[in-house]
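[1] A predicted structure for the sequence below; I have some questions about it.
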Amino acid sequence: MRGPFLFTIYLSMYLNALSQTCGTQEYFTISKSIDYPQNLVSRNIPIVLHVLSKDVVAQVSDTTLHQRIIGLNTIFNKDSISLEGNRFQSLISSPQIFFKIDTIRKYLTTKSSFNIGQSLFTEDHPKYSTLGGADAWPTDKYLNIWVCNLDPTSQNPTTILGYAFPPTLANDWDYTSFVSPERQGVVINYRCFLDSQYFNILAHEIGHYLGLKHIWGNSSNSCDNDDGIDDTPLGAM
């Protein structure tokens, strides 16, 4: 597995989520489709965006959401890579993956932040309406993306930018990475849609969802774990 997965995406930070009281109210649903530029794409992935916020003013606008998905397609289809003088030019190609928003669903939640420490990765509050989040659409048909506040809380003082869980039995992931179907997808801090220094975080987390590990594999402090990609052999950190 070489060229198709040489993306220009930044390393993400792994973070958190806070709870106060539970409960979510959906105040409107938007189903719209925009014709994005096509680039010889053969795999189309429909996205359902679940946008969670405590008040309407804090919601990310529909225009911004669509702009970020356009940017996501630019990253995944090498349009953001300068090939001139690039020593990897012969290896870089498009993975033939195209993302398109199927539906945007917006919710009012009672939670100020979903950054509640380690329980975020076990209970996954953004993904359950009973915990103040929003229930997933069928994860075997859609890529579910939850956009919410992951700012620091008393439980976790570190800001989380995003995290992802891959589909069951996804290539290059071991059994410890798999979760129940309703939890599969991407959670992203709403700030990643508003602050240009974080625009690539969504692409990074979707890369994980599709099977890409960090170049150092699952090991935090050494090169003794492989990421499964021939382009980055052990010791390539």
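    Received, thanks.
[2] who's in contact with Val60?
    Contact analysis of Val60 by Cβ atoms under 8 Å, 6 or more residues apart in numbering lists Val51, Ser53, Val147, Tyr190, Phe193, Leu194. Every C-beta, even on glycine, is put in place using the N, C-alpha and C of the backbone.
[3] let's see it at 6 Å
    By Cβ atoms under 6 Å, 6 or more residues apart in numbering, the contact set of Val60 is Val51, Tyr190, Phe193.
[4] from the residues you listed, pick the one nearest Ala134.
    Minimum distance to Ala134 across these is 8.5 Å, recorded for Val51 (Cβ to Cβ).
[5] distance check, that closest one against Ile215.
    Counting by Cβ to Cβ, to the nearest Å, the separation of Val51 from Ile215 is 31 Å.
[6] pick out whichever of those two has more residues nearby.
    Using other Cβ atoms under 10 Å as the criterion, Val51 and Ile215 rank with Val51 on top: 23 against 15.
[7] next up, the contacts around that one.
    Val60, Lys106, Val147.
[8] in the host helix or strand of Gln67, what's buried?
    For Gln67, the enclosing helix or strand under DSSP states H and E is helix 62-76. Within helix 62-76, the residues that count as buried by 16 or more other Cβ atoms under 10 Å are Asp62, Leu65, His66, Arg68, Ile69, Gly71, Leu72, Asn73, Thr74, Ile75, Phe76.
[9] and if you look at stretch 120-134?
    Neighbour counts over stretch 120-134 (16+ other Cβ under 10 Å) mark Leu120, Asp124, His125, Pro126, Lys127, Tyr128, Ser129, Leu131, Gly132, Gly133, Ala134 as buried.
[10] on the three-state scheme, the nearest residue to His208 once chain neighbours are set aside is what?
    Closest residue to His208 apart from its sequence neighbours, by Cβ to Cβ, 6 or more residues apart in numbering: Ala164 at 4.2 Å. With DSSP: H, G, I helix; E, B strand; the rest coil as the basis, Ala164 sits in strand.
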